[in-house]
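**Q** Any chance you can model this:
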Amino acid sequence: MAETRHSVCALDCPDACGLVLKIEDGRATRIQGTPGHPVTQGFLCGKVARYLDREYSPQRLTTPLRRIGAKGEGRFEPISWDEALTTITDRFRSIIASHGAEAILPYSYGGSMGLLQANGMDRRFFHRLGASRLDRTICASAGTAGLMATQGIRYGIDPEAFVHSKLIIAWGANILTTNVHLWPFIVEARRRGAKFIVIDPVRTKTASLADQHIRINPGSDLALALGLMHLLFANGQFDQEYLDAHSNGWTELRESVQEYTPEKVAACTGIPEAEIVALAHAYGETKPSVIRLNYGVQRSERGGAAVRAIAMLPVITGAWRHIGGGMQLSTSQAFNFNRVALEMPELQPGPTRMLNMSELGSALTRVDDPPVKSLFVYCSNPAAVAPDQSAVLRGLRREDLFTVVVEQFQTDTADYADLVLPTTTFLEHTDIYGAYGHHYVQLARPALPPPGEARSNVQIFRELALRMGFTEAAFTESEDDMIRGILSSGHKHLEGITLERLDEEHSIRLNLGEGLFQPFKDGGYGHADGKADLSPAGLDYVPPVESRHGNAGLRSRFPLEFLSPKNHDSMNSTFGNRTDVDQQTAVLHVNSADAASRGIATGDSVRVFNSRASLVLRAAVDGVVGPGTVSSPSLRWPKRQPGGLNINALVSERLTDIGAGATFYSCLVQVEKCGD
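**A** Numbers count the residues shown, from 1 in each chain. Take a look at the predicted model:
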C-alpha cells in the first residue's frame, strides 16, 4: 500500500526545499517538491529529482571500515561499530596524553544543512574534548563579513518579493543552477515588465536567458560597485532622506568614490564605459530594484570588500523602502535560532586554538605546537574541495595522522582514512532546518530506514561522548530535546513555533509581520545604532595578486584567470561518484581568441597548469568566457581525474581581505594543447 512521507533537502543550497516521498512496500518510488510550499512550489532541481538513485546506490557505505592498504589506496575491511568506536576513543586518549586535545582537529562544512547533524552533538563533543576549533571559512565567510560590515545582520528580502521588482540584477548569481526556486518569481516579475540583468564573468545558463549579460573581469566587482556609487551620487540618484535617517558615513563615501569614473572602472572591469553608465542610470532610476548577490563574488582576494560595497547600493538609492526592493545574499540570521543551546561552547575546558579550514594543507603539513595528530572529517570531502589540494593530500598521507571519515560513499578523503564510519542521508534521520534563501523553518523525520549499519551523526557523536566518559546531560539529550533548545531563543521571529507544530505542519514561516518582509524599510540595521555603515575605509580597489591586473611576474608566466563555478548537475563533490559528473566537469571553457593563439579547438585535450599543479581537461571553445579567462565546472573527485588531482589543486591558500575565506576565483594559469 502506498503512503506519503515528508522530508527536507539538506544539500547546501539557499532553497532548502520541502520534499514529499511516495513509499510503496517500505521503499521510496518517487521524490518531489512539496506542493503548496511557497518557495519549493512542488518541483525540484535536477540534482535532487534524482536523489533516490543516490539513496539506493549499491555504492552506499553500510558498515564501519578499517584501512588495510596504504593511505590513498582505498582498501578496507569491515569491522564492528564497537571495534571502530573503541579504536577512536583509545587513539584520542593516547593523542591527548602525548600532545594535548588540540592535536585533534574536526573538519566539517555543508555536507548537511541540518542543524542537528552538522552543528549539534558534534560541536558539543569536540568542545568538551578540548579539540582545536575549525574556522569554517571555505564557502561564505568573506561575504558574511562584508554583509555584516554594512548591514550588521544577515537579513535579505523574501524571494516572493521579487515578483514586485522592476529591475532585478543577478550579481555573480547563476540562479538556474544554484537557486532555481527563485527563478519562477523572476519569470513572473519579467512578465509584469521587469528587466533582468546578469553581472558575471561567465555566460552561465542564467546569463544566457537575461535581458542583458554584463561580462565583468573576475575579481573586479568592488571596482564596479564603487563606479556605480560614483554615478549615483553624481547624477543625484540617491535617497538623501533615507541616508540621513538610516546610515552613517555616506557623505564621506560620496567624497571617496569621486575617483571611480566610468573610464577608470572600465579599465578595471573590462566593461565598456557606456554599459557602466547605463547600468547606473537604470539602477538609480528604477523602483523597486533588487540585487540577488551570490557567494561567487566573495571568492576572490577583495571579495569581502566587494560584498560590503554592493550591500551599500540599496542603502544609497533607498531601495529598501519599497516592496521588491533591496538585496538578498543570505536570509539565515532571520531565523535567530538558539545556537548556543545547540552547540554548547561552554563545555570547552578552556580557550582552544582555531585553525582555518581554507588552510588545511598547511595545518596538516606545517602547524606545530602541537601538530595535528588526528583529523575527524564529517559533512565534507576536503581531499576534493580544499584549496592547494597537493598539500592537503601530502598531509592526508601522513602515517602518524589518525584520520576518521564519516561518510555515505567512499570519497577521496575516505580513501585516506584509517577508519570510515557509514552515516545516514537526510531521508533517514530527524533534523530541523532554516534556510539562507527563504524564511521557513522546516522539520524532517526519518522517511526511510538507513541501509545496513549506517548511523546518524548525532548517534555517532553521542556514542563517542559516552565512551569518552563524558557525563554531562548534553550528551544524553534526544533529537527532540535538541530541537526544543534550538527554538528556545525567545526571539520574536520564532514565537509560537514549536516542535509539535512542526511535526504537524512540516514547514512554518517565521513571524516577520504582515505581508512580505521588508527588513530595512525603516532602518533597523543590525548595528548598535540601527543604521547601515557606509564608511569608505578599506574600500579602495586593488586588483587581486592573481589577476590580469595583479602581479606582473605571475601574469607573464600564467596569463589566464581561472574560474571554477558550480556545475549545473552536481553540488560541490556530493555527486562526484556519478560518471555523468565526470564528463561535465572534465571541460575547460576557452575564449576563441585565447584558443586560436594556442592552436586549440573544441574537443582537444589541453593541459591547464600553474606553479602548484597541472591537469588535463577537454577544451570547449564556445563563448562561455571572455578573453583572458578560462573556466571549468566544479567538482570532480580527484581519483576520477587522470593524474589524481582536480581543479582545486590549481588554487592557492591565499585568503580573502576580510573573513579569512578561500580565494578560489583568484587563480592564474596557463593552458596549452596536449601533444598527440
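**Q** ok, residue 348 - contacts?
**A** Contacts for residue 348 (Cβ atoms under 8 Å, 6 or more residues apart in numbering) come out as 127-128, 130. (Glycine included, C-beta is placed from N, CA and C.)
**Q** Which elements pack onto the strand or helix carrying residue 230?
**A** Using DSSP states H and E, residue 230 sits in helix 221-234. Counting contacts by 3 or more Cβ pairs under 8 Å, 6 or more residues apart in numbering; DSSP states H and E, helix 221-234 is packed against helix 250-256, helix 262-269, helix 273-285, helix 303-316.
**Q** In JSON lines, list the ones you listed along with mean pLDDT.
**A** Formatted as JSON lines, those follow (pLDDT from 0 to 100):
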{"stretch": "helix 250-256", "mean pLDDT": "98"}
{"stretch": "helix 262-269", "mean pLDDT": "98"}
{"stretch": "helix 273-285", "mean pLDDT": "98"}
{"stretch": "helix 303-316", "mean pLDDT": "98"}
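**Q** Buried deepest among these, which one?
**A** Neighbour counts (mean count of other Cβ atoms under 10 Å) averaged over each of the helices and strands packed on helix 221-234 peak at helix 303-316, with a mean of 28.
**Q** need the next SSE after that one, C-terminal direction.
**A** The helix or strand immediately downstream of helix 303-316 is strand 326-328, counting by DSSP H and E.
**Q** Using the three-state scheme, assign residue 550.
**A** Under DSSP: H, G, I helix; E, B strand; the rest coil, residue 550 falls in the coil class.
**Q** Just checking, which helix or strand of the chain averages the lowest pLDDT?
**A** None of the helices or strands of the chain scores lower by mean pLDDT, DSSP states H and E than helix 579-584, at a mean of 90.
**Q** Could you list the buried residues of that one?
**A** Buried residues in helix 579-584, defined by neighbour count with 16 or more other Cβ atoms under 10 Å: 581, 584.
**Q** how about it as PDB, C-alpha atoms only?
**A** Provided in PDB are the C-alpha atoms of helix 579-584 (Å, rounded to 0.1, in the frame of the first residue of the first chain):
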ATOM      1  CA  THR A 579      30.000   9.200 -14.400                       C
ATOM      2  CA  ASP A 580      28.000  12.000 -15.900                       C
ATOM      3  CA  VAL A 581      29.500  14.400 -13.400                       C
ATOM      4  CA  ASP A 582      32.900  13.200 -14.600                       C
ATOM      5  CA  GLN A 583      32.000  14.200 -18.200                       C
ATOM      6  CA  GLN A 584      30.500  17.600 -17.200                       C
END
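**Q** and whichever helix or strand comes after it, which residues are buried?
**A** Next helix or strand after helix 579-584 toward the C-terminus (DSSP H and E): strand 587-590. Neighbour-count burial for strand 587-590 flags 587-590 (criterion: 16+ other Cβ under 10 Å).
**Q** before we move on, back to that, distance to residue 650 added to the helices and strands packed on helix 221-234, as a markdown table?
**A** Rendered in a markdown table, the data for the helices and strands packed on helix 221-234 read as follows (distance: least, Cβ to Cβ, whole Å):
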| stretch | distance to residue 650 |
| --- | --- |
| helix 250-256 | 35 |
| helix 262-269 | 24 |
| helix 273-285 | 30 |
| helix 303-316 | 18 |
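**Q** Please give me every residue in contact with the most centrally placed residue in the chain.
**A** Per Cα atoms, centre = their mean, the C-alpha nearest to the average position across the chain is that of residue 139, at 4.2 Å. With contact set as Cβ under 8 Å, 6+ apart, residue 139 has these partners: 12, 109-110, 295, 661-662.
**Q** So which of those sit within strands?
**A** Judged by DSSP state E, the contacts of residue 139 include no members of strands.
**Q** And the buried ones among the residues you listed, selectable in PyMOL?
**A** In PyMOL, this line selects whichever of those come out buried by 16+ other Cβ under 10 Å:
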select buried, resi 12+109+110+295+661+662
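**Q** Considering the contacts of residue 139, which is situated nearest to residue 200?
**A** Closest approach to residue 200 among those (Cβ to Cβ): residue 295, at 12.8 Å.
**Q** and the next element down the chain from the strand or helix carrying residue 206?
**A** Using DSSP H and E, residue 206 sits in helix 205-208. Downstream of helix 205-208, the next assigned helix or strand under DSSP H and E is strand 212-214.
**Q** Could you check the longest helix seen in the chain and say which residues are buried?
**A** Longest helix in the chain by number of residues, with DSSP state H as the criterion: helix 81-99. Neighbour-count burial for helix 81-99, counted by 16+ other Cβ under 10 Å, picks out 81, 84-85, 87-89, 91-92, 95-96, 99.
**Q** can you list these in CSV and add distance to residue 340 and pLDDT?
**A** Converted to CSV, the buried residues of helix 81-99 look like this (distance: Cβ to Cβ, whole Å; pLDDT from 0 to 100):
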residue, distance to residue 340, pLDDT
81, 31, 98
84, 31, 98
85, 28, 98
87, 32, 98
88, 27, 98
89, 27, 98
91, 30, 98
92, 25, 98
95, 28, 98
96, 26, 98
99, 29, 98
